[in-house]
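**Q** with the sequence up front, the predicted model follows.
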Amino acid sequence: MPLFNFPDYSSFRIRQGEAGAEIFDIVRKKFVRLTPEESVRQHVLLYLITEKKFPASLIGVEKELLVAGIKKRTDVVVYSAQAEPLLIAECKSPDVRLTQSAFDQAARYNLSLRVSYFLITNGLSHFCCRLNSAEKKYEFLQAIPAYSELVSAKNMAKV
């Protein structure tokens, strides 16, 4: 696997399947085809769970949603204990530049989910944003927030 801008995780379970290499998805609890994008997704998942303390049970992978009547799939959705979406993550292959179109894709998905945070990464570069509802714009964050910060921000917004 390529060297990403994540901690060095050597705990990935990889095997050779009928269609090629497969990696064990710790959220979906099954082996999936190991593509460059999947490698990024698995690094994101492990980072969120181990470093940022996101509960694996509150993470959805490749969840279907409707955007303007069209079926789409989000790479990662993180939920609160009340099943409210808190963060979406869009994972790209390492050879894909993170351009405005990648942000636009996440923003379109957010029209359905209405999350306050989104993350876009190709494994090498990461951009995490928070939606400023009052000013109707995204604010770029210096770091990916811990799960407790997302929940705390969600609770503060309800007050």
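**A** Yes, it's here.
**Q** so where's the protein uncertain?
**A** 1-3, 66-67, 111-112, 155-159 (pLDDT under 70).
**Q** now the strands for this protein?
**A** For the chain, the strands defined by DSSP state E occupy 14-17, 20-25, 30-33, 59-67, 70-79, 85-91, 117-121, 126-132, 137-140.
**Q** now do the contacts for the residue most central in space within the chain.
**A** Among the residues of the chain, the one closest to the centroid is A89, at 2.4 Å (CA atoms, centre = their mean). By CB atoms under 8 Å, 6 or more residues apart in numbering, the contact list for A89 reads V44, L48, T74, D75, V76, V77, V78, F118, L119, I120, T121. (Glycine included, C-beta is placed from N, CA and C.)
**Q** ok, 10 Å please
**A** If you count contacts by CB atoms under 10 Å, 6 or more residues apart in numbering, A89 has them with 40-41, 44-45, 47-48, 59, 61, 74-78, 106, 117-121, 126, 128, 144.
**Q** same question for Q100.
**A** A107.
**Q** R28 against V76, yeah?
**A** No. If you go by CB atoms under 10 Å, R28 and V76 don't touch, sitting 11.1 Å apart.
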